[in-house]
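# What follows is a predicted protein model with its sequence.
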Amino acid sequence: MLARIGHELYWLGRYVSRAEHTARMLEGVFAADLQGRPDDPVGVNLSWGPVMAIMGAEWDGRRVQAGDALQRLMLDPTQDASVVACVRRARESAKALRDVVPQDMWEAINSLSLELLAVSPDALLHDPSVAFRAVRERCTLFWGLVGRTMLRDEASAFLAAGERLEGASVLLRMLRVVLPAGGQRTGDDGESDGQAHALLRAVGGEQAFRRGAAGPPDTPHVARFLLFERDYPNAVAAHVSAVLEALDQADVASRHSPPVLRLSRLAADLDFHRRSLAFADRNVLVEQSVVVQGELDAVDRDISERYFSGALRPTAFSVA
Amino acid sequence: MPNGPTLSYEGPEGIYDEAVTASGAPRDHLTQLMEAVGSLEPEQLAALGRRRDANFIQAGITFDTIGPDGQAVDRPFPLDLVPRVIDADDWSVIKRGLAQRIRALNQFIDDVYHGREIVREGIVPWRLIVSRSHFARQVDGVRPPGGVYTHIAGLDLVRDADGTWRVLEDNVRTPSGISYVLANRQAMTRLAPRLFSGYRVRPVDHYPQVLLEALRAVAPADEGEATVVVWTPGPLNPAYFEHAFLAHQMGVELVQASDLVVRGDVCYMRTTRGLERVHAIYRRLDDEFCDPLDFRPDSVIGVPGLLRAYRAGTVAVANAFGTGVADDKAIYPYVPDMIRFYLGEEPILQNVPTYRMDRPDDLAHVMDHLDELVVKPTSESGGKGVVIGPHATKAELDQLRKDVMVNPAKWIGQEVVKLSTVPTVLEDGSLSPRHVDLRPFAVFGESIRVIPGGLTRVAMTPGSMLVNSSMGGGSKDTWVLESDSPEPDPEAADAPAQGERLLPSLPEVRWDSAWVGQSQQQQQTRDITEGEDV
């Protein structure tokens, strides 16, 4: 397969995944925001400013109104991190790949793009669930079509690698905001526990957590669950294993492939820490998510070097 | 006519009509078709037309054209619903004529860049050849793998007033339009399957396979299957649809310049598994943009070093570099002589009578009859700058006279051919005669194979002879009928008859000296490099 085509597929996966995660998180935060009160220490809460920072939108540190944040993260085409911008770039990629991806997948992206264009700012404020649902359903449809109609070859492997890498990266960024760094926040556990709970809701893992994890939904438990629980598909460890699997399949000489080697080491590390850090406090977990994030960035560079002949990431996609 | 057809059709006066004779009766091989078309109501035809447009837009088979407001608009590729039919006897003449002409052109290109025997014989002046803008001194002395230059040729044919087929133009650089031939046939089988009843139409959909075989045949692959790619300038090219279509149909990669890279003397493409050797490139851009090192240095859509790889014989490029010298309009008048010189045969297809303006007699004649002739600039392709005398205004003719006198050698004059007509559906569903030409496509690999039929272009304006798509021309599905006499294998007829084989036709001495020498040298260099690696 041409490196250019592989690169395009990889980024198509990342764009769709980014749009989906952004919308899901906004939906979770929005729901939490309605119930929580800022002065309630045990309330379920994640303020909008940090959310914008997580997603790579511009935030100057001041308090942000819900409507404003929604508007900018969903519908503002000038914000590179907004859902609408991701979908638009996914559509461009899909268009360039029309003879590689099945027609249905192109249609799923194209209709999502049209539906988002039809959402007005007023309608979004009035009832954001319509837009959230559109994104969620179309993206789910897209991935479902990948699973049902696409040949299991290099093309689908690169698409999956992009999807899962982006999933892990979004999750890590969210964790780093939820887990406050340093010791100065001790004694303020209530607030960050509330945030952790909101995060759990935002990634749609509340039920899985209740069933799968032993422990209360406080920050360390939630963070450990989202970092290390391989059985939960939206945990970092599961994403890492999925990227590894996809690349392993796409690469003819995977034993000599730097990204594959790096990923298998990372997967093993995560599996190890699942037990070794069973009682770790948040500082250790913060450190851990920084390390994993750094490794994933290195994987991204390795992938570009090995498969895409060093093609750069699109400039529009430069979230630190 | 039987059954009282609802649609009537009459051919024009004094012009050869392909459907009806001068007395108004349908020609033998067209009786059934004319009955089938005639039994349709005009509304039915118009409805079919709407379905066709909707299908084409959905499938993305469109053509950019300039609308009345000056803006470029995307409209469905215009396909006329009445097919054009060519009977087996006519086709056999066309096919043999094309193969003959293409062999001669291929020999001519080889000769121009090597021995120049035709110049020494005084048949074509050297001054004329080197002054052609498409003459490529960069490839002087280079013989491409397999000795084939004109892998894909599309010659424009017309029928004159007595129905004789003539060659209007040669096109051996990057002729386009084949995808429309295939798309038209597919659309016709879906839209109007009933028209096909009673006819045995020769299929065209094997073209991509024929092309792929030909490219593989000339690819200098050492072992295993050759890697073939289609090289497009990019998605903004007007013919991008065709490039993508062909790549898809052949099952090969569609590459852009950034995908290709030359290392040493070998061309590779960048894949997800590293660099992969490319053996044959079907390129869809002009010589001058292909390699910024040897041709235009400002080309950003070229591959640096490609010509070096080509010279080394490690990659086949179709069509070869420098072929443009053969389809120049100033070379066209010499083609019949080329056929006699290289092949020792009489041309099967005649040229349109042409005046060479570098001869004083011809020039004087053209100047005296400017309003009766067609005058074309050389070194241009398609309809650019062509002036049709009988249709031009006085001011245009005066301007032309001035332009020609500045440098007569840059122009040629031709007799006006009254293009034949074919019944064509108008917007209201009625039938009317319209002028057509034909561009058949030939593929030259191990042998020359001509795809039955070709692209028939129709001038949609009454009486107009401008068939170019950009000038609002339409197209027709072109049917070549199987012959009634039992023929063992129709494909075999496309293969060259005795004496038409390529390899022996190249003189032995030329064959081994340059080409084999190059490949041996190449082999040695490779051995050395491999040794160093170890």
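Right, received. Where do you want to start?
# which ones are touching B:M357?
Taking Cβ atoms under 8 Å, 6 or more residues apart in numbering or on different chains, we find B:M357 in contact with B:L363, B:V366, B:V404, B:P408, B:A409, B:K410, B:W411, B:I412, B:G413. Every C-beta, even on glycine, is put in place using the N, C-alpha and C of the backbone.
# Try it again at 10 Å.
With contact taken as Cβ atoms under 10 Å, 6 or more residues apart in numbering or on different chains, B:M357 is in contact with B:330, B:363-367, B:375, B:378, B:404-405, B:407-413.
# Cross those against strands and list the overlap.
Those of the contacts of B:M357 mapping onto strands are B:V375, B:W411, B:I412, B:G413, per DSSP state E.
# In PyMOL, how would I select the buried members of those residues?
A single PyMOL command selects the buried members of the ones in strands among the contacts of B:M357 (16 or more other Cβ atoms under 10 Å in any protein chain shown):
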select buried, chain B and resi 375+411+412+413
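# Using CSV, please lay out the ones in strands among the contacts of B:M357 together with pLDDT.
CSV is the format used below for the ones in strands among the contacts of B:M357 (pLDDT from 0 to 100):
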residue, pLDDT
B:V375, 89
B:W411, 87
B:I412, 88
B:G413, 90
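# Which of the ones in strands among the contacts of B:M357 lies at the shortest distance from chain A?
Proximity to chain A was ranked across those by Cβ to the nearest Cβ; first place goes to B:I412, at 42.1 Å.
# you'd agree the closest one is up against B:T354?
Yes. Here B:I412 reaches B:T354: they are 5.7 Å apart, a contact under Cβ atoms under 10 Å.
# quick revisit: now restrict the contacts of B:M357 to buried residues only.
Buried, going by 16+ other Cβ under 10 Å: B:A330, B:L363, B:V366, B:V375, B:T378, B:V404, B:P408, B:A409, B:K410, B:W411, B:I412, B:G413, out of the contacts of B:M357.
# Who are the contact partners of the last one?
Right, B:G413. With contact set as Cβ under 10 Å, 6+ apart, B:G413 has these partners: B:353-357, B:362-363, B:365-367, B:369-370, B:372-376, B:387, B:389, B:404.
# List the beta-bridge partners for it.
Legend: beta-bridge partners of B:G413 under DSSP bridges are B:Y355, B:V375.
# how close does it sit to A:A19?
According to Cβ to Cβ, to the nearest Å, B:G413 and A:A19 sit 63 Å apart.
# Count the neighbours of residue 155 for me.
In the absence of a named chain, chain A is used. 21 (other Cβ atoms under 10 Å in any protein chain shown).
# think we crossed wires, I meant chain B
When neighbours are counted by other Cβ under 10 Å, B:L155 registers 26.
# Now stretch B:15-24: buried residues?
Buried residues in stretch B:15-24, counted by 16+ other Cβ under 10 Å: B:I15, B:Y16, B:D17, B:E18, B:A19, B:V20.
# Narrow the residues you listed to those in strands?
Per DSSP E, these never map to strands.
# Tell me who's in contact with B:A320.
Contact analysis of B:A320 by Cβ under 10 Å, 6+ apart lists B:106, B:109-110, B:113, B:136, B:139, B:142-151, B:172-173, B:218, B:283, B:287, B:310.
# can you tell me which of those residues are in strands?
By the criterion of DSSP E, membership of these in strands covers B:R283.
# Downstream of the helix-or-strand element of chain A with minimal mean pLDDT, the next helix or strand is which one?
Lowest by mean pLDDT, DSSP states H and E among the helices and strands of chain A is helix A:189-202, with a mean of 70. Counting by DSSP states H and E, the next helix or strand C-terminal to helix A:189-202 is helix A:206-212.
# top helix in the chain by residue count?
Using chain A here. In chain A, assigned by DSSP state H, the helix with the most residues is helix A:3-35.
# try again with chain B
helix B:88-112.
# Show me which positions of that one end up buried.
B:88, B:90-91, B:94-112.
# mind checking how far the helix or strand following that helix is from the chain centre?
The helix or strand immediately downstream of helix B:88-112 is helix B:117-120, counting by DSSP H and E. On the basis of Cα atoms, centre = their mean, to the nearest Å, helix B:117-120 sits 27 Å off its chain's mean C-alpha point.
# Which neighbouring elements make contact with helix B:117-120?
helix B:88-112, helix B:126-130 (3 or more Cβ pairs under 10 Å, 6 or more residues apart in numbering or on different chains; DSSP states H and E).
# still on that earlier bit, which among the buried ones among the contacts of B:M357 gets closest to B:R75?
Of all these, B:R75 sits closest to B:V375, with 31.0 Å by Cβ to Cβ.
# In helices only, show me the contacts of B:G413.
The helices, defined by DSSP H, take in B:D362, B:L363, B:H365, B:V366, B:M367, B:V404 from the contacts of B:G413.
# List just the nearest of those to A:V291.
For the ones in helices among the contacts of B:G413, the nearest to A:V291 is B:V404 (78.4 Å; Cβ to Cβ).
# unless I'm mixing things up, the closest one is touching B:A364, no?
No. Assessed by Cβ under 10 Å, B:V404 is found out of contact with B:A364, at 11.7 Å.
# Run through the residues that contact the residue nearest the centre of chain B.
For chain B, the residue nearest the mean C-alpha position is B:G154 (1.6 Å; Cα atoms, centre = their mean). Contacts for B:G154 were tallied using Cβ under 10 Å, 6+ apart; they are B:98, B:169-178, B:327, B:439-442, B:451, B:454-455.
# Quick check: nearest residue in space to it, chain neighbours excluded?
B:P175 (2.9 Å; Cβ to Cβ, 6 or more residues apart in numbering or on different chains).
# helix, strand or coil for that neighbour?
coil (DSSP: H, G, I helix; E, B strand; the rest coil).
# give me the number of residues near it?
22.
# for B:E10, same thing?
13.
# Leaving out chain neighbours, which residue sits closest to it?
Nearest residue to B:E10, sequence neighbours excluded (Cβ to Cβ, 6+ apart): B:G24, at 6.2 Å.
# can you pull the contacts of that neighbour?
Contacts of B:G24 by Cβ under 10 Å, 6+ apart are B:M1, B:S8, B:Y9, B:E10, B:G11, B:D17.
# how far away is it from B:L426?
Here the criterion is Cβ to Cβ. By it, B:G24 lies 19 Å from B:L426.
# before we move on, what about A:R224?
Distance check for A:R224 against B:L426: by Cβ to Cβ, it reads 76 Å.
# who's more crowded, those two?
Set side by side, A:R224 and B:L426 show more neighbours around A:R224, with 22 against 16, by other Cβ under 10 Å.
# In contact with residue 97, which residues?
As the question left the chain open, I've gone with chain A. A:I5, A:E8, A:L9, A:L12, A:M105, A:W106, A:A155, A:L159.
# please go with chain B instead
B:G97 makes contact with B:L155, B:L157, B:W165, B:R166, B:V167, B:I339, B:P347, B:I348, B:L349, B:Q350, B:P440, B:V450 under the criterion Cβ under 10 Å, 6+ apart.
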